[in-house]
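J.: Sharing a sequence plus its predicted fold:
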Amino acid sequence: MSKTKITIAVTGLNNTDNPGPGVPVIRSLKESTVFEVRIIGLVYETLEPGIYMEGLCDKIFQIPYPSTGSDELIDRIEEIHQREPIDVLIPNFDAELFSFMKNEERLLRSGIHTFLPTLKQFQERDKDKLPEYGEKYGIKVPASLNLGSQNQISEIKEKFEYPVMVKGKFYDAYMAYNQEQVKQAFNKISSKWGLPVIIQEFVRGTEVNVIALGDGQGNTIAAVPMRKQYITDKGKAWGGITLSDDKMLEITRNLIRQTKWKGGMELELIKTVKGEYYLIEINPRIPAWVYLAVGAGQNIPEALVKLALRQEVAPMETYQSGKMFVRYSYDIIVDLEKFETIAMNGEI
Amino acid sequence: MKITDEVRISDNGFVFNSKTGDSFNVNPTGLELTKMIAQGHDFDEIKNIFLQKYELDDLTFEKDFYEFCALIKYHQITSPEDPLDFK
């Protein structure tokens, strides 16, 4: 059977020690059995490693940060689309998702398909709304307190036992054993990510994750549970293994059914010694360890592209447990001309 | 005692629990014991096999056996119901 030729634009080529999912998403798409993909890499920075990886992208364009304004970002995407028609766009950063979700219709009118959560789905799973989310969908979540100012730090000892987790609205998390450490973490996080800063009950247990894909109708198209085996000082998985855990799959399917989740997602859970699961976070996109799911038998990026193109996708219900991934770092030697081209022209 | 279905035991003594992602190694004797438990042999059957095969007395076998049971319980590869009540 001949493969369908298709052009896919992907962001998140920052394969650093805090890796974006772009490179593994592209690897997954290149292994598609139904699509022959042409890849447009979209980058914010000129040193994103994916720019320099041979054979990864067919074309690379620099795009403006969403913080400069959604219109500028979408205008640039449309300008790129005029020159290199894009069939499907897969954004991979939390911070850019809002702009793309807001402009989903506009992109579609230009012929660019996406498959993203709705704004409601995106906003209700915000970290500072997790307790309400847990109650609404019947999932255990750690107790939390949103801090709008440093003055509220004294409230912590009335509501929690130390240690507690101190988290930013978008990124960053620190464990704090006393009020002084909470203050330090509060200052670091609030200066970087703004307010509120979230205080979360520390739940003892093992961190486990599920990568999943919802079709927007309540069906789970793919779901693979994983346990991080090697975690970096930034809390990122540098090694992991797929699990055979029916309870994790049940939690995922229930959540997708109730929320009618549309798009890729990652559930971050803590499994306690009693075998209870606490939801600590939902990432509203494909995570950087997606290639493990492909290796275990579920090509989630390929399925997401099919859904974006309104094609029928049957749920993938099996995968191999005990499949592992181990990341590594690698030095690419780059000629200055290549760096110069992307830095000066904003494309390569 | 029952070893759960999610547990994989390889011939070289590598034991992997696909539900938790944990793995550990057992020595040849531990492997023999683990396999017998996984196959559903009861305590008396395992004891008879070990007493015939190795030079050891009842008491030593029983002590080592229960110590081993505590170890595999610690690694969560047994069914949660009555994990120490070996029949």
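T.: Yep, that arrived.
J.: Would you mind listing the outside residues contacting the helix or strand hosting B:Phe16?
T.: According to DSSP states H and E, B:Phe16 maps onto strand B:14-17. If you take CB atoms under 8 Å, 6 or more residues apart in numbering or on different chains as the criterion, strand B:14-17 is touched by A:322, B:4, B:6-10, B:22-26, B:34, B:75-77. (Each C-beta comes from the backbone N, C-alpha and C, glycine too.)
J.: Which residues of the stretch 101-250 of chain A lie near chain B?
T.: Where the stretch 101-250 of chain A comes near chain B, counting by CB under 8 Å from any CB of the partner chain, the residues are A:Thr206, A:Val208, A:Met226, A:Arg227, A:Gln229, A:Ile241, A:Leu243, A:Ser244, A:Asp245.
J.: Which of the residues in stretch A:183-197 are classified as buried?
T.: A:Ala185, A:Phe186, A:Ile189, A:Ser190, A:Trp193, A:Pro196, A:Val197 (16 or more other CB atoms under 10 Å in any protein chain shown).
J.: Give the buried residues for stretch B:26-34.
T.: Buried, per 16+ other CB under 10 Å, within stretch B:26-34: B:Val26, B:Gly30, B:Leu31, B:Glu32, B:Leu33, B:Thr34.
J.: From chain B, how far off is A:Met324?
T.: A:Met324 sits 9 Å away from chain B, going by CB to the nearest CB, to the nearest Å.
J.: To what extent is the nearest residue to that residue once chain neighbours are set aside buried, counted in neighbours?
T.: Leaving out its chain neighbours, the residue that sits closest to A:Met324 by CB to CB, 6 or more residues apart in numbering or on different chains is A:Ile241, at 4.7 Å. By the criterion of other CB atoms under 10 Å in any protein chain shown, A:Ile241 has 23 neighbours.
J.: what's the answer for the one 10 residues further on, then?
T.: Each residue near A:Ile251 was counted by other CB under 10 Å, and the total is 22.
J.: isn't it right up against A:Leu267?
T.: Yes: at 7.2 Å, A:Ile251 and A:Leu267 qualify as touching, with contact defined as CB atoms under 8 Å.
J.: Report the beta-bridge partners for the closest residue to A:Ile90 other than its chain neighbours.
T.: Once flanking residues are discounted, A:Ile90 sits nearest to A:Val10: 5.0 Å by CB to CB, 6+ apart. Beta-bridge partners of A:Val10, counted by DSSP bridges, are A:Gly41, A:Ile90.
J.: Now do stretch B:11-22, average pLDDT.
T.: The average pLDDT within stretch B:11-22 is 94.
J.: picking that back up, what touches both of A:Ile251 and A:Leu267?
T.: A:Val210, A:Leu279.
J.: where do the helices sit along chain B?
T.: Assigned by DSSP state H, the helices in chain B fall at B:28-38, B:43-53, B:58-74.
J.: Name the residues linked to the residue nearest to A:Ile156 when sequence neighbours are not counted by a beta bridge.
T.: Counting by CB to CB, 6+ apart, A:Ile156 lies nearest to A:Ile199, which is 5.7 Å off, once chain neighbours are set aside. For A:Ile199, the beta-bridge partners are A:Leu145, A:Val166 (DSSP bridges).
J.: hang on, A:Ile199 packs against A:Pro163?
T.: No: assessed by CB under 8 Å, A:Ile199 is found out of contact with A:Pro163, at 10.7 Å.
J.: So these two - more neighbours on which side?
T.: In terms of neighbours (other CB under 10 Å), A:Ile199 is the more surrounded of A:Ile199 and A:Pro163; the figures are 26 against 16.
J.: Fine, thanks again, bye for now.
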